[in-house]
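Asks: model the structure of this input:
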Amino acid sequence: MGIQSLQKFIEANCPGACVPVDLLKIARTTAVRRTRQPYIGNRLCLVVDGECCLDRLYGGYFSDWVCGGQWNRMVQFLSVLIQTIQNNNIELAVFFNGSLEAQRMEEWVRQQQAERKKVNQVLKHLAMKATPPPKVWWIAPVGLRTCLRIALRHLNVTVMCTMDDHHQEVIAFCRENGFHGLMAEDAEYAIFDPPRYFSSEQLKLTYKGSLETREFILDQVARSLNLHPNRFCILAALLGNYLLSEEDLAQFHNSLCPEFKGKTIPVERLIPAIVTFVRSLPVGPDDLDAVACRVFPGDTWGLRQRFRNCIQYYLNGTRDGFLRYRPAGQGRRQETGSYPSLPPITEQPLANGKDTTNAVLGKEIAPQVISDGIEVLQDEQHAENDVAQVNGVTSSSSSTCSPGGRHSPTDPQSPTGLQSLKDQNSPHSSPKTQTIPKLPKVPPEVMRTASERHQKALMSPWIYQLLSQGEVKLPVAIEEEVSRDLPQGATLFRPLRQMVYAVLFNLHHLVYVAARQKSSGGEKPSVVVHEWVGGSSKAVEAVQLSWPVPTVQRLWLGPSLDDKKCRLRAFLTCMRSDVPLMLNTAYVPQHLLIMCCVLRYMMSECEQPILRKQELDAFLAQAVSPQLMNAQYTQSMQLPLVSVRGCQLASLFLQGVENALFANDACGAPVPWLMCCPWLFFDGKLFHHKLLRAAAAKSLVEVCSGQIDQVAKVERMRTAILEGLQVEFARSPLPAAAATHLGGSRGALLARGGQLEIAGVVVGSWGANYGQTQVAAARCGMGRGMLMRRPLPRRPGLAQFNRRAKKRVPKSKEEGKGRGCTIETEDNCTVQVGFSVEEEE
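Replies: Numbers count the residues shown, from 1 in each chain. Modelled structure (predicted):
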């Protein structure tokens, strides 16, 4: 719940605050065309938080996302969307979260646990029904952020990655570059009061040529709640966020709603109670301490200080930043917490196309909420790194490098940090208990290059996180927590990452220098980083490559031909693919190099075989299929069933692609980024189609639809992948025991079941077939899983089989001799027992 429940509350309880809009119509208004930024011109410029609209950018809740992602259909949708946007004078800047955000680690762990529950439900659904899961369990497919970064860059859209604090950098970029609004789905942005705030969850491109969404009128929100806009920061702090958790505020919430003591307080009751409390507060230079004492009575100095930091965090994102101090002799003006009475709103467009009402509120009646004790830094103070050019858009360093005036309260440069306060005062400490590992010093030119490439989203965000903080976060994927057949992706590709860590931190050079200084008695150098997988952290030590790899300076910045060869060799070594055939384009085309390296890495796993032969052929066959680039074909394709193993294999493969791109960027990008696009070699739905065909096919020709040229390509790539390996494929499961079939082989039935009708009469029906239906021995030859209707029981006697026989006249009760039966005599004659007894009498 917490702060994120505020936006849902606004949608449901603030009439007129959430209105439907058409962005294309807004782009055509005259107010948008007036701007101070020369490069904007007459365009509507919007900042998009990509983390809030991953499903929208993917194209919607398509049911086949669980198969591994349909990347060509995603690219096709993005092409139509971006073309529509650019043709209507709209400019986008899409941000992805590239920061580690150690201060939000608790929040990230909770999100991963929620994702883990969804994954378990998805796997259970697939095992029981073999159909795509419902959209309520949608999670981002593995590699979605990477595919979006590459695709948007390919479509000439400004793409950026945040470096320190995602929310602060997004809103700072919006303000400093004069953008007209922000599109996201996060209540924290509503507290920051952006120029205009649009919903990313409601974004949809319609067939009638409109780009529809909903706009939150923040001034109308303040009117509906009858709350002064300057007090929204206090409201947000009292709702709870990563700085001040709901557990810390539980006692205060129970005091506002005593009738729910010991129970979860509904949002519809909690938020109005907090709004009433904030509205009744006196406002003055020293009132924040009094508010903190009312919220946290007793000896809770740490919680009060975190409460102040929480309010300061939200103030940093507002238009005015820190609230101004008043001179000591000026006195203060007493103001109520209700919404101020102002003249009617008039049309006064600013550079961003928004009315000046909020600016008047901020300049004329902005009260001082923060008392002495929190350092005030001016907006003119910026970090060392100056202006960075991103796709023709100039952004100041404060939007990417956390300037002096926009530091998070947990930033090392701020007066107090969250971690120290939590360790001392809060029983609910962050899961981040490990200290930052001591890492070798990174050369300045390497750090500068990594910072620039990271900011422009030109490299894997893991690299900057490792070089700056020595940690990396690995999100949850579609895989079992404890699997007997397939390893987890984080474990399988850990040796790959260990070698990449050695490349990034120049481990070979450090060991070489230490060996020359062995007489000094120094210890052997080592590099240890922390990997966050789910909710736990694991210390991982870097592993040297098998040959003297050059330093990262030479790999990244070296211009000579030898440096280029070393880049490619380092990448292939990390992927266990340093073999001659892998570089022979007659065997492995350049755009399929990443895929073949990942498959070879999976085949080289020594502990247990992963892939079966038909599964390897399915990966290769879908990569050379002409239908791979046909988005219409894959969209109309119908899968008879979706298997659990197929989904896990697709997820495992895409995790390998993520790690391969990470290794490629760390080694200086020897493979061009245009050859790294996942849609060039993989489609989850087509892979499932080939996998089902390979399981039933007798030869590779059937898998490739009879195309001999495709068969030749698959065999050559398989030869390169298996070169020099002791090939051991995973064993296929034993077939289910079944009786000998009397009839010929029958094809697989549809998973949804059906009925057999002859002349309009149902003579047979069968249930859903989920791949392992066993055929009963007594019903062989009647079809897989088919249950025929049982005939009526035969009655004794001969008359009923004579169709011309007349109906028997019912006899009296005396004539009845009980239930009749037939007896076979020695002369093969049949005698009815009842009538023989009657004749003897």
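Asks: and the helices in the stretch 451-600 of the chain?
Replies: With DSSP state H, counting those that start in this stretch as the criterion, the stretch 451-600 of the chain has helices at 461-469, 489-492, 494-504, 507-516, 552-557, 561-574, 593-603.
Asks: tell me which of the ones you listed sits most buried.
Replies: Highest mean neighbour count among those (mean count of other CB atoms under 10 Å): helix 593-603, with a mean of 24. For the C-beta atoms, the positions are set from N, CA and C on the backbone; glycine is no exception.
Asks: tell me the mean pLDDT over the next helix or strand after that helix?
Replies: Next helix or strand after helix 593-603 toward the C-terminus (DSSP states H and E): helix 613-624. Across helix 613-624, the average pLDDT comes to 96.
Asks: related to what we said a few turns ago, any chance of the helices of the stretch 451-600 of the chain in JSON lines, with distance to Cys53 too?
Replies: Listed next are those as JSON lines, based on distance: least, CB to CB, whole Å:
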{"stretch": "helix 461-469", "distance to Cys53": "18"}
{"stretch": "helix 489-492", "distance to Cys53": "25"}
{"stretch": "helix 494-504", "distance to Cys53": "29"}
{"stretch": "helix 507-516", "distance to Cys53": "40"}
{"stretch": "helix 552-557", "distance to Cys53": "33"}
{"stretch": "helix 561-574", "distance to Cys53": "33"}
{"stretch": "helix 593-603", "distance to Cys53": "27"}
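Asks: select from those the stretch with the lowest mean pLDDT.
Replies: The bottom spot among those, by mean pLDDT, belongs to helix 507-516, with a mean of 90.
Asks: read off the pLDDT value for the closest residue in space to Ser200 that isn't next to it in sequence.
Replies: Leaving aside its sequence neighbours, Ser200 sits nearest to Cys53 (CB to CB, 6 or more residues apart in numbering; 3.6 Å). For Cys53, the pLDDT comes out at 93.
Asks: dihedrals phi and psi, Cys53?
Replies: phi -140, psi 40 (degrees, to the nearest 10).
Asks: Val476 contacts Val119, doesn't it?
Replies: Yes: here Val476 reaches Val119: they are 6.1 Å apart, a contact under CB atoms under 8 Å.
Asks: common neighbours of those two, please.
Replies: Ile139 (CB atoms under 8 Å, 6 or more residues apart in numbering).
Asks: can you list the buried residues in stretch 8-20?
Replies: Residues of stretch 8-20 classed as buried by neighbour count (16 or more other CB atoms under 10 Å): 9-10, 14, 17-18.
Asks: repeat that for stretch 131-142.
Replies: For stretch 131-142, by 16+ other CB under 10 Å, it's 131-133, 137-142.
Asks: so where's this protein shaky on pLDDT?
Replies: Within the chain, the segments meeting pLDDT under 70 span 1, 30-41, 283-286, 322-437, 519-522, 734-753, 760, 765-841.
Asks: Lys473 pairs with what?
Replies: With DSSP bridges as the criterion, Lys473 is bridged to Trp532.
Asks: cool, and Val540?
Replies: Beta bridges link Val540 to Val529, judged by DSSP bridges.
Asks: tell me the spacing between it and Phe505.
Replies: Val540 sits 12 Å away from Phe505 when distances are taken as CB to CB, to the nearest Å.
Asks: looking at these two, which has the bigger crowd around it?
Replies: Phe505 (24 against 18; other CB atoms under 10 Å).
Asks: which non-adjacent residue is nearest that one?
Replies: Per CB to CB, 6+ apart, closest to Phe505 is Val527, 4.6 Å.
Asks: for the one you found, phi and psi?
Replies: Taking degrees, to the nearest 10, you get phi -120, psi 120 for the backbone angles of Val527.
Asks: spatially central residue in the protein, please.
Replies: The chain has Ala140 as the residue nearest its centroid, 3.1 Å off, counting by CA atoms, centre = their mean.
Asks: and that one, what helix or strand is that in?
Replies: In this structure, Ala140 is located outside every helix and strand according to DSSP H and E.
Asks: again with Leu686
Replies: Here Leu686, judged by DSSP H and E, is contained in helix 684-696.
Asks: what's the local residue count around Leu256?
Replies: By other CB under 10 Å, neighbour count at Leu256 equals 17.
Asks: where's the closest residue to it other than its chain neighbours, which helix or strand?
Replies: Distances taken as CB to CB, 6+ apart place Ala273 nearest to Leu256, at 4.1 Å, with adjacent residues excluded. Element membership for Ala273, per DSSP H and E: helix 267-279.
Asks: contact partners of that helix?
Replies: With contact meaning CB under 8 Å, 6+ apart, helix 267-279 is reached by 1, 5-6, 8-9, 13, 225-228, 231, 234-235, 238-239, 253, 256-257, 260, 336-338.
Asks: let's see 6 Å
Replies: Applying CB atoms under 6 Å, 6 or more residues apart in numbering, the contact partners of helix 267-279 are 5, 9, 225, 227, 231, 234-235, 238, 256-257, 337-338.
Asks: nearest to Val579 among the residues you listed?
Replies: Ranked by distance to Val579 (CB to CB), the contacts of helix 267-279 are led by Ser5 at 55.1 Å.
Asks: show me the contacts for that closest one.
Replies: Ser5 is in contact with Val267, counting by CB under 6 Å, 6+ apart.
Asks: now the angle from the strand or helix carrying it to helix 267-279?
Replies: Assessed by DSSP H and E, Ser5 sits inside helix 5-13. Interaxial angle, helix 5-13 versus helix 267-279 (axes from the mean of the first three to the mean of the last three CA atoms, to 10 degrees): 100 degrees.
Asks: now the element after helix 5-13, going C-ward?
Replies: strand 18-22.
Asks: buried residues, the host helix or strand of Met128. List them.
Replies: Secondary structure assignment for Met128, by DSSP H and E: helix 105-129. Neighbour-count burial for helix 105-129, with 16+ other CB under 10 Å as criterion, is recorded at 105-109, 112, 115, 118-119, 122-123, 125-126.
Asks: ok, so of the residues you listed, who is nearest Pro548?
Replies: Minimum distance to Pro548 across the buried residues of helix 105-129 is 37.2 Å, recorded for Met105 (CB to CB).
Asks: gap between that closest one and Ser537?
Replies: From Met105 over to Ser537 the distance is 9 Å, taken as CB to CB.
Asks: could you do Asp617 as well?
Replies: 39 Å.
Asks: could you check which of those two has the larger neighbour count?
Replies: The neighbour comparison of Asp617 against Ser537 (other CB under 10 Å) goes to Asp617, with 24 against 17.
Asks: what sits against the more buried one?
Replies: 694, 700, 703.
Asks: got it, and Met160?
Replies: With contact set as CB under 6 Å, 6+ apart, Met160 has these partners: 95, 457.
Asks: got phi/psi on it?
Replies: Dihedral angles for Met160 - degrees, to the nearest 10 - are phi -140, psi 150.
Asks: pairing partners for it in the sheet, please.
Replies: Going by DSSP bridges, Met160 forms beta bridges with Phe95.
Asks: please begin residue numbering at 43 from this point
Replies: Got it, first residue is 43 now, which makes that one Met202.
Asks: from Ala226, how far off is it?
Replies: In terms of CB to CB, Met202 sits 14 Å off from Ala226.
Asks: what's the answer for Pro668, then?
Replies: Taking CB to CB, one finds Pro668 at 39 Å from Ala226.
Asks: same question for Asp207.
Replies: Counting by CB to CB - Asp207 and Ala226 are separated by 15 Å.
Asks: ok, Gln128 next?
Replies: Gln128 is 21 Å from Ala226, where distance means CB to CB.
Asks: compare neighbour counts for these two and give me the winner.
Replies: Neighbour totals were compared for Gln128 and Ala226, and Ala226 leads with 26 against 15 (other CB under 10 Å).
Asks: just give the nearest non-adjacent residue to the more buried one, would you?
Replies: Spatially, and ignoring its direct neighbours in sequence, Ala226 is nearest to Asp91 (3.9 Å; CB to CB, 6+ apart).
Asks: stretch 128-139: which residues count as buried?
Replies: Residues of stretch 128-139 classed as buried: 130-139 (neighbour count, 16+ other CB under 10 Å).
Asks: ah, wrong one, I meant stretch 119-129
Replies: Residues of stretch 119-129 classed as buried: 119-120, 123-124, 126-127 (neighbour count, 16+ other CB under 10 Å).
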